[in-house]
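pasting the sequence and the predicted model now:
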Amino acid sequence: MALVSEFLGQLALNVGGPDPRFPTVVPARDFDPDADAVRIDTAIRTKGVDKQTIIDILTRRTYAQRRDIAFAFEKRTKKDLISVLKGALSGSLETVVLGLMKSTAQYDASEIRGSIKGLGTDEETLIEILCSRSKAELVEIKRVYKELFKKDLEKDVAGDTSGDFAKLLMALVETKRAEASGVVDYQKIDDDARALHEAGVKQKGTDVSTWISIMSERSIPHLQKVFQKYKSYSPYDMQESISKEVKGDLETSFLTLVNCFENKPLYFANRLHDAMKGKGAKEKVLTRILVSRCEVDLMKIRSEFKLQHGQSLHKTIAEHTKGDYEKVLLGLCGEDD
């Protein structure tokens with residue numbers, strides 16, 4: 001069945017390894033998938049579709065629970081819930097809801113596939129996902145990508161990008177990053193800091209391959225110390241050095257990596273803020289971050305957003321979106337801070 005293949009083995013909820021989780025969407029207490037399936041069936045049959053009920057249920061259940069609802073729905077109606085939702089909903093609400101019917105890894109894999117399929121490449125999406133996910137998450141994304149699309153992620157990324165930008169993304173997709181260790185190697189920290197400086201600001205031109213190997217292979221705690229040490233060799237911090245040495249997609253990728261190494265929730269908070277600057281909102285960015293992070297670290301992102309921008313994420317979303325799209329995003333965001 002389509003539903004079974006859609007969900008097969010894709011719980012993947014703790015794929016980030018030992019990283020602490022700060023989700024806004026947590027398992028619902030007294031969960032009854034059969035009762036939820038009945039409510040969704042009734043909501044879909046209602047004239048005009050009772051979208052609020054669908055939003056209330058699906059934004060307050062984890063992926064594992066949504067999967068159980070989908071199986072209960074299929075057992076009850078002999079219909080695939082995903083197909084029924086596609087037929088009942090439209091626009092931005094449909095995009096969010098269908099995203100929620102995927103595991104985090106499935107969603108990321110689908111977003112990557114969408115960014116490189118067809119004419120042109122959506123570099124922004126590619127950079128955001130590949131440069132912000134942990135090694136464990138990337139390993140799972142690669143596995144799911146192969147399962148869903150019968151293609152290797154490495155080959156698709158290599159075929160759709162070029163130059164040093166392609167080399168950096170490929171290095172990340174190869175998932176060679178070292179695991180965090182309890183041992184602090186001060187000599188290696190010093191060596192890497194010196195190498196980053198000598199490969200960039202100290203010489204004419206940039207030895208990008210050295211930057212790529214260090215930033216794609218070292219553990220994150222190690223790199224955090226390297227960037228601190230780097231300041232003793234360079235008059236600029238790592239971000240400033242990147243902006244002076246490289247441009248375009250390569251600059252954006254390196255900056256994304258460094259920002260995520262230093263404070264990943266703040267990186268996403270700033271992405272959300274930029275997506276809601278001025279009139280309207282960049283819906284694609286808003287949708288992607290809220291759907292992909294709601295079971296990971298959206299609570300931390302909310303905290304960083306309020307701290308950095310002086311207004312809650314909840315209030316900002318309410319100001320820049322409207323209708324059912326606003327309701328579903330606020331459902332994922334959780335309460336106001």
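The structure has been received and is ready for your questions. Numbers count the residues shown, from 1 in each chain.

let's verify Lys47: helix, strand, or coil?
When classified by DSSP: H, G, I helix; E, B strand; the rest coil, Lys47 comes out as coil.

how many neighbouring residues does it have?
Around Lys47 sit 5 other residues, with neighbours defined as other C-beta atoms under 10 Å. Where you see a C-beta, it was placed from the backbone N, CA and C, and this is true even at glycine.

excluding chain neighbours, what is closest to Arg39?
Thr53 (5.9 Å; C-beta to C-beta, 6 or more residues apart in numbering).

give me the neighbour count for that neighbour.
Count around Thr53 with other C-beta under 10 Å applied: 16.

where do the helices of the stretch 1-150 of the chain begin and end?
Per DSSP state H, counting those that start in this stretch, the stretch 1-150 of the chain carries helices over the ranges 2-7, 33-45, 51-58, 63-77, 81-88, 91-100, 104-116, 123-132, 135-149.

dump the fifth one to PDB, restricted to CA.
Spelled out, that is helix 81-88. Provided in PDB are the C-alpha atoms of helix 81-88 (Å, rounded to 0.1, in the frame of the first residue of the first chain):
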ATOM      1  CA  LEU A  81      -4.800   9.600   4.600                       C
ATOM      2  CA  ILE A  82      -2.000  11.400   2.700                       C
ATOM      3  CA  SER A  83      -4.000  11.200  -0.600                       C
ATOM      4  CA  VAL A  84      -7.200  12.300   1.200                       C
ATOM      5  CA  LEU A  85      -5.400  15.300   2.800                       C
ATOM      6  CA  LYS A  86      -4.000  16.300  -0.600                       C
ATOM      7  CA  GLY A  87      -7.600  16.300  -2.000                       C
ATOM      8  CA  ALA A  88      -9.100  18.200   0.900                       C
END
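
output the below-cut-off pLDDT ranges for the protein.
1-20 (pLDDT under 70).

got a list of what Gly159 touches?
Residues near Gly159 by C-beta atoms under 8 Å, 6 or more residues apart in numbering: Ile116.

SS state for it?
helix.

where's it relative to Phe261, distance?
28 Å (C-beta to C-beta, to the nearest Å).

for Phe268, see how far away the residue nearest to Arg39 is.
29 Å.

can you tell me what sits against stretch 271-283?
With C-beta under 8 Å, 6+ apart, stretch 271-283 has contacts from 92, 95, 128, 285-286, 289, 301, 305, 308-309, 313, 316-317, 319-321, 325.

are any of those buried, and which?
92, 95, 128, 285-286, 289, 301, 305, 313, 316-317, 320-321, 325 (16 or more other C-beta atoms under 10 Å).

of all those, which comes closest to Pro33?
Nearest to Pro33 among the buried ones among the contacts of stretch 271-283: Thr95, at 23.9 Å, using C-beta to C-beta.

which non-adjacent residue is nearest the residue most central in space within the chain?
Nearest to the geometric centre of the chain sits Ser292, at 4.7 Å (C-alpha atoms, centre = their mean). With C-beta to C-beta, 6+ apart as the criterion, Ser292 has its nearest non-adjacent residue at 5.6 Å, and that residue is Tyr107.

thinking again about what came up before, separation between the residue nearest to Arg39 and Arg194?
Thr53 is 60 Å from Arg194, by C-beta to C-beta.

near Glu154, how many other residues are there?
16.

and the helix or strand encompassing it, how far out from the chain's middle?
Secondary structure assigned from DSSP states H and E places Glu154 in helix 153-160. Distance of helix 153-160 from its chain centroid, counting by C-alpha atoms, centre = their mean, to the nearest Å, is 19 Å.

could you pull out the buried residues of that helix?
Leu153, Glu154, Asp156, Val157, Asp160.

which residues are in contact with the helix or strand just after that helix?
Later in the chain than helix 153-160, the nearest helix or strand by DSSP H and E is helix 163-173. Outside helix 163-173, the residues that touch it by C-beta under 8 Å, 6+ apart are 123, 126-127, 130-131, 138, 142, 153-154, 157-158, 161, 208-209, 212-213, 215-217, 246, 248-250, 253-254.

from the residues you listed, list just the buried residues.
Using 16+ other C-beta under 10 Å, the buried ones in the contacts of helix 163-173 are 123, 126-127, 130-131, 138, 142, 153-154, 157, 161, 208, 212-213, 215-217, 246, 249-250, 253-254.

contact partners for the nearest residue to Val84 once chain neighbours are set aside?
Nearest residue to Val84, sequence neighbours excluded (C-beta to C-beta, 6+ apart): Ile44, at 6.0 Å. When contacts are counted by C-beta under 8 Å, 6+ apart, Ile44 touches Asp50, Ile54, Val84, Leu85, Ala88.

can you list these in CSV and add distance to Met276 and neighbour count?
Compiled in CSV, the contacts of Ile44 are given as follows (distance: C-beta to C-beta, whole Å; neighbours: other C-beta atoms under 10 Å):
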residue, distance to Met276, neighbour count
Asp50, 28, 17
Ile54, 24, 21
Val84, 32, 17
Leu85, 26, 22
Ala88, 28, 19
